[in-house]
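**Student:** Prediction below, plus the sequence it came from.
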Amino acid sequence: MENNLKETLKKILDEKKISISFLQREMSLGFNQASRTFNELMDKGMINENGKINKEKIYLELKEEYRPGMKIIFLDIDGVLNCSTTKERCNLFRGIEDQKIALLKEIVIATDALIVLISSWKEHWQKESKLKFLQDELANYLDKKFTDQGLAIIDKIDDDYCLNRGEGILEYLRLKKKKGFKIDKFIILDGEMFDYQATKLTKNLIQTSYYQKGLTRKHVKKALEKLQD
């Protein structure tokens, strides 16, 4: 990406919506250049035709995980985006339901939350685009399911050295805090309890069920209550 566009992205990162006149004023651009920049941002999916900002796209383009004050969804897959009655398959594995991704998208749109993967599906999923060729069929399928609905996973926890998933989440938060990042709020969408009681994360947990339809509208309501101001 050209440096001038990078500067534009950093400038608009905290905005909810921009216009050609905004770019003229804030970036000291002429009308034609501001129009070209607006169209380029729209072509890249960083804004829509009305100028509404797609923060996830901008964070990923800038290689930034999140800014101070962000909201995070720690996401499991099995029992959340699928359930015991899911018919779709990825090879021999139970697949992901588009309707459940649509419910997840409602949370993301309403809260500007970013998605961090905690599921066992993360094993071969790669954050960096240059490493995507290392992904297996399941990870590629996961990416496609999300991008088809305009969503993106920004990161995954590394719980290889943790006894359980809750510890992995706490370690992830600790490392990000050490790097100077601040997370205002976070939720955990998971189909199992794991060690969330022991790690005192139950207040952040919205537990779904593999045998009771996975993610439903009632879970969306709970997520919005926990993430919204």
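**Tutor:** Yes, it's here. Residues are numbered from 1 along each chain as shown.
**Student:** how about the closest residue to residue 23 other than its chain neighbours, phi and psi?
**Tutor:** Of all residues beyond its chain neighbours, the one nearest residue 23 is residue 34 (4.0 Å), with distances taken as C-beta to C-beta, 6 or more residues apart in numbering. The C-beta positions use only the backbone N, C-alpha and C, and glycine is treated the same way. The phi and psi values for residue 34, taken as degrees, to the nearest 10, are phi -60, psi -40.
**Student:** next one: residue 155
**Tutor:** phi -170, psi 180.
**Student:** Just to check, it is in contact with residue 116?
**Tutor:** Yes: taking C-beta atoms under 8 Å as the contact criterion, residue 155 and residue 116 are neighbours in contact, 4.8 Å apart.
**Student:** and the residue nearest to residue 23, what does it touch?
**Tutor:** Each residue near residue 34 by C-beta atoms under 8 Å, 6 or more residues apart in numbering is listed here: 20-21, 23-24, 27.
**Student:** can you do 6 Å?
**Tutor:** Each residue near residue 34 by C-beta atoms under 6 Å, 6 or more residues apart in numbering is listed here: 20, 23-24.
**Student:** between residue 155 and residue 116, who's got more neighbours?
**Tutor:** In this view residue 155 and residue 116 are compared by other C-beta atoms under 10 Å, and residue 116 has more residues nearby, 25 against 18.
**Student:** so that one, which of the three states?
**Tutor:** What DSSP: H, G, I helix; E, B strand; the rest coil gives for residue 116 is strand.
**Student:** That one against residue 158, yeah?
**Tutor:** No: the pair residue 116 and residue 158 does not pass the contact test of C-beta atoms under 6 Å, sitting 10.8 Å apart.
**Student:** buried ones in the helix or strand of the chain with the lowest mean pLDDT?
**Tutor:** For the chain, using mean pLDDT, DSSP states H and E, the weakest element among its helices and strands is helix 55-61, scoring a mean of 79. Within helix 55-61, the residues that count as buried by 16 or more other C-beta atoms under 10 Å are 55-61.
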